[in-house]
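> structure here, sequence nowhere to be found:
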């Protein structure tokens with residue numbers, strides 16, 4: 001029988017620091033399956049004309065070797081996330097019969113963190129010991145979790161958030177949860193300087209750091225566009241999920257339109273990094289930036305991994321649409 005996996009059902013998985021490893025494996029396998037042509041994507045959207053416009057986005061990802069499914073985002077335009085508004089529907093890979101309805105809100109930091117974590121597995125500089133985190137949201141928490149899981153040598157982190165209470169709470173909670181030293185700092189520059197890995201998970205728009213602050217050889221991960229200055233395009237080695245992602249993400253889109261950034265300027269895509277198709281760094285001093293886009297099949301892959309966990313743990317609520 002199909003299952004409903006709610007945020008309460010998934011809480012033990014989400015709260016386990018070690019769970020990021022399984023999510024990273026799911027993302028990595030799905031990324032390679034997409035490269036092999038085993039995964040297909042499609043998307044549709046609708047916007048109502050009601051007095052308070054809302055958005056429905058349905059994104060399909062079919063992976064016939066594993067699972068098929070789609071994620072649904074239903075939310076008010078520019079408003080907060082609505083209860084029951086983000087979920088993944090999983091279907092059997094052959095029959096397309098319903099397998100599960102999985103809450104995506106609780107899984108989102110794991111999914112986003114896992115995609116960054118895969119990049120960290122292959123791109124973090126050798127001997128990395130320190131991380132700099134910009135932001136103190138759930139997504140920032142997932143980024144630090146992924147860095148620690150992908151780079152066990154990381155022993156300390158610095159976090160900046162414009163609200164002192166938020167960065168102090170983040171440092172206190174994640175430090176105990178992940179078992180490392182996390183310090184709140186008063187400026188973005190303090191978080192970035194000397195960090196071997198920098199994760200940008202800020203809620204603000206526009207660039208949040210100066211490239212001169214970044215340590216030579218460091219890895220910078222950004223989960224949103226328009227968070228780094230345009231000057232990095234000529235100085236850093238850029239890795240992305242795919243070229244299509246960059247066409248609509250700043251500062252890359254402007255560079256592409258101006259003819260100053262082209263596919264030949266992309267160091268690699270994530271699948272190429274995993275397969276080690278070519279060296280990303282030309283020297284140990286090269287700063288590498290991973291632009292982490294949202295690919296729909298990642299959400300389906302992580303939801304399927306969570307579903308498999310739920311089946312093993314005996315959690316979730318079985319239901320039937322057809323009684324026989």
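Nice, thanks for sending it over. Small disclaimer: the values here were computed from a predicted structure and weren't measured.

> roughly how far apart are residue 283 and residue 237?
Using C-beta to C-beta, to the nearest Å, residue 283 is found at 10 Å from residue 237. Quick note: C-beta positions are derived from backbone N, CA and C, even for glycine.

> let me fix that, I meant to ask about residue 7.
Counting by C-beta to C-beta - residue 7 and residue 237 are separated by 38 Å.

> pLDDT weak spots in the stretch 151-300 of the chain?
For the stretch 151-300 of the chain, no stretch has pLDDT under 70.

> can you show me the helices along it?
164-178, 188-192, 232-235, 243-247, 252-258, 270-274, 296-313 (DSSP state H, counting those that start in this stretch).

> out of those, which is closest to residue 208?
Counting by C-beta to C-beta, residue 208 lies closest to helix 188-192 out of the helices of the stretch 151-300 of the chain; the figure is 5.9 Å.

> buried ones in the closest one?
188, 190, 191, 192 (16 or more other C-beta atoms under 10 Å).

> now stretch 305-313
Buried-residue list, stretch 305-313, by 16+ other C-beta under 10 Å: 305, 306, 307, 309, 310.

> export the residues you listed to a markdown table and append columns for pLDDT.
What follows is the buried residues of stretch 305-313, written out as a markdown table (pLDDT from 0 to 100):
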| residue | pLDDT |
| --- | --- |
| 305 | 96 |
| 306 | 97 |
| 307 | 97 |
| 309 | 97 |
| 310 | 97 |
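
> between the residues you listed, which is nearest residue 41?
Using C-beta to C-beta, those come closest to residue 41 at residue 305, 18.2 Å.

> I'd assumed residue 20 was in contact with that closest one.
No. Using C-beta atoms under 8 Å, residue 305 is not in contact with residue 20, being 11.3 Å away.

> between the two, what contacts are shared?
Jointly contacting residue 305 and residue 20 under the rule C-beta atoms under 8 Å, 6 or more residues apart in numbering is no residue at all.

> distance check, residue 141 against residue 173.
8 Å.

> neighbour count winner among these two?
residue 141 (21 against 13; other C-beta atoms under 10 Å).

> report pLDDT for that one.
With respect to pLDDT, residue 141 has a value of 97.

> re earlier: neighbour count winner among residue 283 and residue 237?
More neighbours surround residue 237 than the other of residue 283 and residue 237, with 21 against 9 (other C-beta under 10 Å).

> residues near the closest residue in space to the more buried one that isn't next to it in sequence, how many?
Excluding its sequence neighbours, the residue lying closest to residue 237 (C-beta to C-beta, 6 or more residues apart in numbering) is residue 267, at 4.1 Å. Burial of residue 267 is recorded as 21 neighbouring residues (other C-beta under 10 Å).

> quick check: the gap between residue 267 and residue 88.
Distance from residue 267 to residue 88, by C-beta to C-beta: 31 Å.

> now swap in residue 95 and tell me
The gap separating residue 95 from residue 88 is 18 Å, by C-beta to C-beta.

> with neighbour numbers in mind, choose between those two.
Taking other C-beta under 10 Å, residue 95 and residue 88 do not tie; residue 88 has more neighbours (27 against 9).

> after the one helix or strand the more buried one maps to comes which helix or strand?
If you go by DSSP states H and E, residue 88 is part of strand 86-91. Toward the C-terminal end, the helix or strand that comes next after strand 86-91 (DSSP H and E) is strand 98-103.

> by how many degrees do the helix or strand just after that next one and helix 296-313 diverge?
Where DSSP H and E defines the elements, the next helix or strand beyond strand 98-103 is helix 108-123. On the basis of axes from the mean of the first three to the mean of the last three C-alpha atoms, to 10 degrees, helix 108-123 is oriented at 110 degrees to helix 296-313.
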